[in-house]
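Asker: Return atomic coordinates for the entry below.
(2 chains)
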Amino acid sequence: MGNALANVIPALLLDLHGNLLYANQPASAWLQIPEGEFHPPGNTNCLHFNEVIGRSSGLYWPMLCHLLKMGRPACVEKYDHHHRWTQWQLTPAADQFLLYGTDITGRKTVETGSVLHAFPLGLQHFSPEGIHRNANELQYDIWEAIDPGLTIPGYNLFEEPAFQETGLSDLFTTTLHTGEPASREVALGYREHAVNHVTRILPAYYEVTVFPVKDHIGTITELVMMMCDITEKQLSRMQLKKSARLLDLVIENLPIGYIQFDHFGFIRRINQTQRAFFQYDSNREDTPFNVVNDPFARLYGLDELFLHVMVHNKMLRVEKQLDFSKDSRWTAQNREVWLDLTLFPLRDPVDQEQIVVVLVNDITDKKLERQIRHLLQRNTEQLHLFFDAVDMGYATMERDGTLSFVNTKGEEMAGRRVLPGENIFSMLPELENASPFKTRFSAALADDISQSFSSYFPRRYKWYEFLITPMSDGTVSVFIRDITDSRNMQKDLFRANKQLNRLNRSLVNQNQQLEDFAHITSHNLRAPIANLKALMQMHSDSALLHEREQYLSLVREVIFKIDETLNDLVDVVQIRKDVDVEREELIFAERLQYVKDVLYVDIENSGILLTTNFEHAPSLEFPRPYLDSILQNLITNAIRYRTLEHKPRLHLKSWRENGYTMLTVEDNGLGIDMERFGHKLFGFRKTFHKNKDAKGIGLFITKTQIEAMGGSIRAESTPGQGTKFIITFKTE
Amino acid sequence: MQLHNMIFIVDDDPIHQQIANIMIKRQGIGENVRAFSDAQDVLDYLRQYSFEAEQLPDLILLDLNMPVMDGWDFLNDYAGFYKDLAKQIGIFVLTSSIDDKDRRKVDTYSFVKGYLTKPLSSEIITKLQTS
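Answerer: Numbering: from 1, shown residues only, chains lettered A, B, ... in the order given. Sure thing, here's the model as predicted:
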């Protein structure tokens, strides 16, 4: 029976030192040790209580014996791999000890299970040695996500380096040493967080509290670890911290100054912009500044501004001119500045007191700029007054012609008041259409060079002189001067001068003609008269009849010559006198045909070939007898001075040039040595060859006829090649 | 009285040639009077006989206003070779021009002995005789 019982109740037999002597079958199954007898210490299969139960329960052999000796229940509870709680009771048996086990899983579950499992925090029991004993479901879940190894029976957290790093071991150590609970926030593992459809891996935070469980004499029998998931709280706290830091950064880096006053008017915060403005030395030990009673602040009424905002709880914005040279206590500005101050009340979120924040903007430069602009405006106005006083139109405009200023004289010229913003080209279309103004305006802008010109405005009967000057600021200045009077005067002067020139030319011409005529008469009349004189003398000196008859016959010959010469001269005088001879529209081809008919016999006999090109100037307004005479003389010359070496040709060509009608008559005859005889070519009774028919009158008459009508004639010739007469007819 | 062997009249006016011829011969100042209408012919002659003194004239009466070659052309050409002639020839300008310019211009030709204006008269002939 005893043996049978012994085989039902798990039991161990131990010596006085705690060495295992014997283990029955149930005990060997519970404790996972061999069944039967054990050898004494020093043998290979010896086992000690501490190895089998002590280490996993945290209660070692000496303590168990001590409990027995003290008359206290010498029991030890052990949790095994099968989630089974066993209790081992030590009983002395002669010089040995008996340790028999009982399954207390049921009781344990009843004791702690309901409380632990319902507890909203993770709970875990450890032996004072750090060995895991038990945990509630929540704690299992926590470790499941972090490190499931922590819930394995016999796990010793003091041996886990990871927990030493996180500080969990320190918590246990502290609790063991002080006997007091210890608490800490630790980050354990990571967790996925979905934020705005983005999954982020963030640390999981726990608040871990370790507290001791003591027996009635105060000995720590158990350490309980309590873990509370504070991840959300921690993350929002961090978010809050981040926001606060961001706000700090924003305030600190605001491009304008930021000064925060507390409820009493003391400065509590100045951002770096303002510090830089103040050139504030943070190392200086100053007495705290209070806007309400600071003399400098009161000098400029800053205390009143502060109090106004505090009392009325309303924002206030003012521009203040402060002279910092009067106060060097907390700024090195040492100059007069203009500040744009915005004061607004705020309620301190912590202590709920009303505070005042001042935003400070340094507008000194802007103010100066405004002052300069004002001065500039005054200068411009003065300049405009000046331009109003000058007797010249003046306008300033944009590059597209939009007017910004027109002086009084300019408005007078425009004929009405001009409003700034009007466009000069739409206001005075004639500037764009009927004058070079627009072209010169564009040229001035393109080349960035002033353009000066004058232009007549027929609808106004006015001459204006313009000076268009592109300015360096991109605008355009236009000066306008009415030069009508001076222009008219100039025109009159020019006309008078022209008339005078014409008269002068006419006088010179007449004088030349008189001189020519005197020359002609002296040369061409004096010779035959001298002959007459000599012959008369000879006649009277001679007594012989036949001589006297001979002399008289010579006298007749001379008289005939004189008569001929006089007739020629009369012709010439007639031509020169008759400048108003009737002009008519003559067709070159028709007149040529007429002359050809007159000279029919000569042309036929000479075999001269006449060709023409009157295509470009078929007609001419000229006295008909003159043109006929000119053509006849030139054709006769060409026939008379033809060469027998080749067929004589004569080409007549007409065209218009510079308002004149030109006619060339070109032959292929003997030609003239122009160097020798050029000056004689058109002279009266000048011949330069031995042709007996030549009287030296044809070309003289031709020249006289052409010049009488305001034209001219010249010749080009090469001996042996021919002569070309070039006639310029003045076109009326 | 000096008698010139040969006198040349250079003038394109045939009537004047006749008058001069008659007057010279009548006053007997020259034995041989030759008239030329073209001055170029005279120059050609002088060049041809430049080394034969007896063929060269003693006197030349030169008109200024002539066709083709006028008196001025003659004088310019003559100036270039008269020093090489075998005989010094007395040249007189005989013209109808009373223009002072012509007279002054003739004065610039050192070899011209005188400027005479037409008509040819017995006084002029006498002057020629004494030259």
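
Asker: what pLDDT, on average, does the longest helix along chain B get?
Answerer: Longest helix in chain B, counting residues (DSSP state H): helix B:14-27. Regarding helix B:14-27, the rounded mean pLDDT is 89.

Asker: can you list contacts of it?
Answerer: Contacts to helix B:14-27, defined as C-beta atoms under 8 Å, 6 or more residues apart in numbering or on different chains, come from residues A:527-528, A:530-531, A:534-535, A:538, A:554, A:557-558, A:561, B:7, B:9, B:11, B:30, B:33, B:35, B:37, B:61, B:63, B:94, B:118-122, B:125-126, B:129. C-beta here means a position set from N, CA and C on the backbone, and glycine is covered the same way.

Asker: The next helix or strand along the chain from it to helix B:14-27, inter-axis angle?
Answerer: Note on helix B:14-27: by DSSP states H and E, the next helix or strand toward the C-terminus is strand B:30-36. Taking axes from the mean of the first three to the mean of the last three C-alpha atoms, to 10 degrees, strand B:30-36 and helix B:14-27 form an angle of 180 degrees between their directions.

Asker: Roughly how far does A:T364 sit from A:Q371?
Answerer: 10 Å (C-beta to C-beta, to the nearest Å).

Asker: Same question for B:L56.
Answerer: 114 Å.

Asker: Okay, and A:T687 sits in which element?
Answerer: Judged by DSSP H and E, A:T687 forms part of no helix or strand.

Asker: Name the SS class of the closest residue to it other than its chain neighbours, please.
Answerer: Once flanking residues are discounted, A:T687 sits nearest to B:P67: 3.8 Å by C-beta to C-beta, 6 or more residues apart in numbering or on different chains. Counting by DSSP: H, G, I helix; E, B strand; the rest coil, the backbone at B:P67 sits in coil.

Asker: Check whether B:P67 really touches B:A39, as I assumed.
Answerer: No. Between B:P67 and B:A39 there is no contact under C-beta atoms under 8 Å: 9.7 Å.

Asker: of the two, who's got more company?
Answerer: B:A39 (27 against 20; other C-beta atoms under 10 Å in any protein chain shown).

Asker: In this model B:D73 seems to touch that one, though I could be wrong.
Answerer: Yes. Judged on C-beta under 8 Å, B:A39 makes contact with B:D73 at a distance of 6.7 Å.

Asker: which residues touch whichever residue of the stretch 101-250 of chain A sits closest to chain B?
Answerer: The nearest approach of the stretch 101-250 of chain A to chain B comes at A:V250, 112.4 Å away (C-beta to the nearest C-beta). Going by C-beta under 8 Å, 6+ apart, A:V250 touches no other residue.

Asker: Show me how far whichever strand or helix holds it is from its chain's centre.
Answerer: For A:V250, the element it lies in under DSSP H and E is helix A:231-252. With C-alpha atoms, centre = their mean, to the nearest Å as the basis, helix A:231-252 stands 41 Å off its chain's centre.

Asker: and if you look at stretch A:484-492?
Answerer: 51 Å.

Asker: all helices of chain B, in order?
Answerer: Counting by DSSP H, the helices of chain B are B:14-27, B:39-48, B:71-79, B:100-107, B:122-130.

Asker: Let me know the average pLDDT across stretch A:345-359.
Answerer: 86.
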